[in-house]
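> what's the 3D shape of this:
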Amino acid sequence: MDAFIIRSTDSTSVSEIPKKKAKLNIRRQYHEDYLNIGFSWSGNVDDPRPGCLVCGEKLSNESMVPSKLKRHFSTKHSHLADKDSYFQCLLESETRQSKKMTKMVTISDKTQEASYLVAELVAKQMKPHTIAEKLILPACCEILKALFGEEAEKEVLKIPISDNTISRRIEHMSEDIEEQVLQQSRDSPFFSLQLDESTDMSGQAQLLVFIRIVANEDIVENFLCCKTLPETTKGEDIFGIVDHYIKFANLPWDKCIGRSPCGKNVGR
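Predicted coordinates:
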């Protein structure tokens with residue numbers, strides 16, 4: 001590539017040549033006078049977004065200038081000119097509704113804990129997930145209402161125990177238990193596997209896998225997983241399912257040793 005050399009024809013130094021100013025990323029701030037033309041703001045304090053109190057339209061931060069806000073107001077809400085008190089009432093009403101809605105949807109830590117405790121009871125008793133909303137919650141409401149009054153009943157009604165919520169809670173607890181078992185198994189110097197085969201109500205073959213590990217110098221046995229077997233239940237099929245899960249759990253086969261007293265055992 002050819003090199004080009006530029007020589008100055010006057011005495012002006014490079015430092016004296018004016019440089020193009022970099023575009024600054026300036027965030028415009030809300031001014032209380034914007035309420036007179038029906039605009040409030042929402043979002044981050046450092047990056048407020050103007051919002052029309054009349055139609056609810058949200059504009060970008062670049063529109064936070066009087067000319068653009070007035071253009072919106074004169075184009076869509078010119079009939080509300082000279083009604084400053086009206087915008088103040090709209091803002092107060094919107095603030096009250098926002099606080100009320102936040103209070104309704106906010107769930108305390110105790111309420112979340114109660115929801116998980118109910119889900120744990122449902123799972124242990126192997127009951128349908130709908131029993132929490134159809135039986136447990138109404139029963140709790142009646143008991144607390146009789147003993148402590150309606151205020152206690154209102155607090156119980158805040159506990160989220162719908163069918164879908166109970167399902168998610170059980171799923172979360174199952175994932176947490178599985179991760180604890182896997183982490184404990186990874187920390188063990190050795191482990192052994194015991195396999196058992198059964199069928200569910202639909203006649204589908206299910207493979208139950210138990211793991212025996214060393215934890216705190218004790219031998220501990222945990223339920224590892226339950227996997228559906230394919231149409232055939234050959235040894236190759238069983239080993240393929242176990243091998244896939246062992247790799248998923250990041251358990252090295254080199255640690256798998258010994259045999260359990262009963263059941264089908266996998267070891268190397």
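
> could you use CA atoms for every contact and neighbour count after this?
Will do.

> low-confidence regions, the stretch 51-200 of the chain specifically.
84, 99-107 (pLDDT under 70).

> quick one: the strands in it?
Per DSSP state E, counting those that start in this stretch, the stretch 51-200 of the chain carries strands over the ranges 191-199.

> would you map the helices across it?
66-76, 84-105, 109-125, 131, 137-148, 150-156, 163-187 (DSSP state H, counting those that start in this stretch).

> so which of those helices comes closest to Val45?
Proximity to Val45, assessed across the helices of the stretch 51-200 of the chain by Cα to Cα, is greatest for helix 84-105 (16.4 Å).

> can you tell me which of the helices of the stretch 51-200 of the chain is nearest to Gly51?
Closest among the helices of the stretch 51-200 of the chain, once you apply Cα to Cα, is helix 66-76, at 9.6 Å.

> ok, Leu53 to Ser93 distance?
Leu53 sits 10 Å away from Ser93, taking Cα to Cα, to the nearest Å as the criterion.

> report the buried residues of stretch 140-158.
Buried positions in stretch 140-158, judged by neighbour count with 16 or more other Cα atoms under 10 Å: 141, 144-145, 152-153, 156, 158.

> wait, which of these is closest to Ile166?
Ile166 lies nearest to Lys158 out of those, by Cα to Cα, at 14.3 Å.

> the closest one contacts Gln112, doesn't it?
No - assessed by Cα atoms under 8 Å, Lys158 is found out of contact with Gln112, at 9.5 Å.

> next, count neighbours for the closest residue to Glu178 other than its chain neighbours.
Of all residues not flanking Glu178 in the chain, Leu224 sits nearest, at 7.4 Å (Cα to Cα, 6 or more residues apart in numbering). Leu224 has 20 neighbours, counted by other Cα atoms under 10 Å.

> need phi/psi at Leu224.
phi -90, psi -50 (degrees, to the nearest 10).

> contacts only, for it.
Leu224 sits next to 178, 181-182, 208-211 when contact means Cα atoms under 8 Å, 6 or more residues apart in numbering.

> go on, Asn164?
By Cα under 8 Å, 6+ apart, the contact list for Asn164 reads His129.

> Leu182 versus the residue nearest to Glu178, what's the distance?
According to Cα to Cα, Leu224 and Leu182 sit 8 Å apart.

> figure out the length between the terminal residues of stretch 49-62.
In stretch 49-62, first residue to last residue: 9 Å (Cα to Cα).

> other residues contacting that stretch?
27-28, 30, 38-43, 47-48, 63-64, 77, 87, 90-91.
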